[in-house]
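Chemist: Fold the following.
(one chain, ligands or ions: 1)
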Amino acid sequence: MKYLITGGCGFIGVNLVSYLLRKDPSLKIRILDNLSTGKAENLKEAGILDKVDLIVGDICDYDTCIRACKGVDSVIHLAAQSGVIPSIEDPFTDCKINVIGTLNLLKASLENGVEKFIFASSNAPIGESNPPVNENKIPRPASPYGASKLSCEAYCSAFYHSYGLKTLIFRFSNVYGPYSLHKSSVVAKFIKDAMLKKELTIYGDGNQTRDFIYVDDICQAIWLALGCEKEIWGKPIHLGTGKETRIIDLANFVKSLFNDNIRISFAPERKGEIKKNFSDISKAKEILGFSPSVELKDGVRRVYEWFKTKEIDEIRNAVILSGSE
Ligand SMILES: NC(=O)c1ccc[n+]([C@@H]2O[C@H](COP(=O)([O-])OP(=O)(O)OC[C@H]3O[C@@H](n4cnc5c(N)ncnc54)[C@H](O)[C@@H]3O)[C@@H](O)[C@H]2O)c1
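Modeler: Purely as a prediction, here's the structure:
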């Protein structure tokens, strides 16, 4: 089997490539990544750089997508502008990378006879909604990022119904794990700030909730979908743990990992951010046999151990680059 993983040098990408090669070392994996946030060094650190075919290129370039999809059985499309805040600051760039990039890849997959196309979406298309979120909720995006992901979902549906490309949309909840040095999502951010002996800043009162899923559990669902022969195509499936965690509780747990030597502070809540969110994962369980297995405290401890292997200067630079300082 040959897989194309776009965004394979990024956070979820590196974890996914490692996971797939652990499951089946004979897999042929090609990565398409423009290295805008991901790094080839991540693949090197994971010991898989020489096991993949890395194309450095942009999904916004159709010819590059055609080249990347040649001879490929399945595409797992992760490459994206993946932040809510950057999408609010620059919705045009978010739209170009997410919508045009995805359309390029869908068309290139079709032209190359790709069988399955798995798309990384998020809960953001749903917007503000009473949790738990599931596949029956009417999407009402609260951010340009949610809008662009929803548009990609629509194209995935259209490519299945118009052309028979077996697309599948996974709506990830909040994913955390190793190789997240460049991420400004809350688990990575709290750990980085704590390592730099900075305060853990909570936007709002800390009672907002998220469904945090360890990256290997996301990889498990993708692995199950790649092998799935049921008629599941063209539709979204929510992935998460089904558990709701308050940001204040996460902050207190991270604080405890640093012997409580870190302060927690509060700042005004940010526009476009959803207050309460967790996923109903019954469809993923029923259709794919999905079963998330990593408990939050265990997972966060693993991420903390991974961050401890980094130099403080590396962490400081990552914080400056991710614009979260
Ligand atoms: N991390 C999460 O919590 C989360 C939650 C929901 C959905 N997602 C989705 O999962 C996917 C992966 O997210 P991630 O957290 O690993 O992000 P990431 O930023 O670490 O990875 C994205 C990768 O895509 C690459 N990339 C970006 N623009 C590109 C372009 N134009 N052409 C080629 N490559 C490009 C980057 O260099 C990077 O390696 C994204 O689609 C994201 O929207 C992530």
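Chemist: does His77 really touch Thr102, like I thought?
Modeler: Yes - in terms of Cβ atoms under 8 Å, His77 counts as a neighbour of Thr102; the distance is 6.5 Å. Placement of C-beta: from N, CA and C, glycine included.
Chemist: Nearest spatial neighbour of Leu20, chain-adjacent residues omitted?
Modeler: Leu27 (5.7 Å; Cβ to Cβ, 6 or more residues apart in numbering).
Chemist: now Arg302
Modeler: The shortest distance from Arg302 to any non-neighbouring residue, by Cβ to Cβ, 6+ apart, is to Pro178 (7.0 Å).
Chemist: Now do the shared contacts for His77 and Thr102.
Modeler: Contact criterion Cβ atoms under 8 Å, 6 or more residues apart in numbering; residues shared by His77 and Thr102: Phe119.
Chemist: quick one: which of these two has more around it?
Modeler: Using other Cβ atoms under 10 Å as the criterion, His77 and Thr102 rank with Thr102 on top: 28 against 24.
Chemist: roughly how far apart are the more buried one and Leu321?
Modeler: From Thr102 over to Leu321 the distance is 25 Å, taken as Cβ to Cβ, to the nearest Å.
Chemist: Trp223 too?
Modeler: 31 Å.
Chemist: The two: which is more packed in?
Modeler: Of the pair Trp223 and Leu321, Trp223 is the one with more neighbours under other Cβ under 10 Å, namely 18 against 13.
Chemist: Could you see whether the ligand lies near the helix or strand hosting that one?
Modeler: Trp223 belongs to helix 215-226 when assigned by DSSP states H and E. No - Helix 215-226 is not in contact with the ligand by Cβ under 6 Å from any ligand atom; minimum separation 8.0 Å.
Chemist: so what does that helix touch, helix or strand wise?
Modeler: Counting contacts by 3 or more Cβ pairs under 8 Å, 6 or more residues apart in numbering; DSSP states H and E, helix 215-226 is packed against helix 11-23, strand 74-77, strand 116-122, strand 166-172, strand 174-176, strand 236-239, helix 282-288.
Chemist: Reformat the ones you listed into JSON lines and put mean pLDDT and distance to the ligand next to each item.
Modeler: Output for the helices and strands packed on helix 215-226, formatted as JSON lines (pLDDT from 0 to 100; distance: least, Cβ to the nearest ligand atom, whole Å):
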{"stretch": "helix 11-23", "mean pLDDT": "98", "distance to the ligand": "3"}
{"stretch": "strand 74-77", "mean pLDDT": "98", "distance to the ligand": "7"}
{"stretch": "strand 116-122", "mean pLDDT": "98", "distance to the ligand": "3"}
{"stretch": "strand 166-172", "mean pLDDT": "98", "distance to the ligand": "4"}
{"stretch": "strand 174-176", "mean pLDDT": "97", "distance to the ligand": "4"}
{"stretch": "strand 236-239", "mean pLDDT": "98", "distance to the ligand": "9"}
{"stretch": "helix 282-288", "mean pLDDT": "97", "distance to the ligand": "14"}
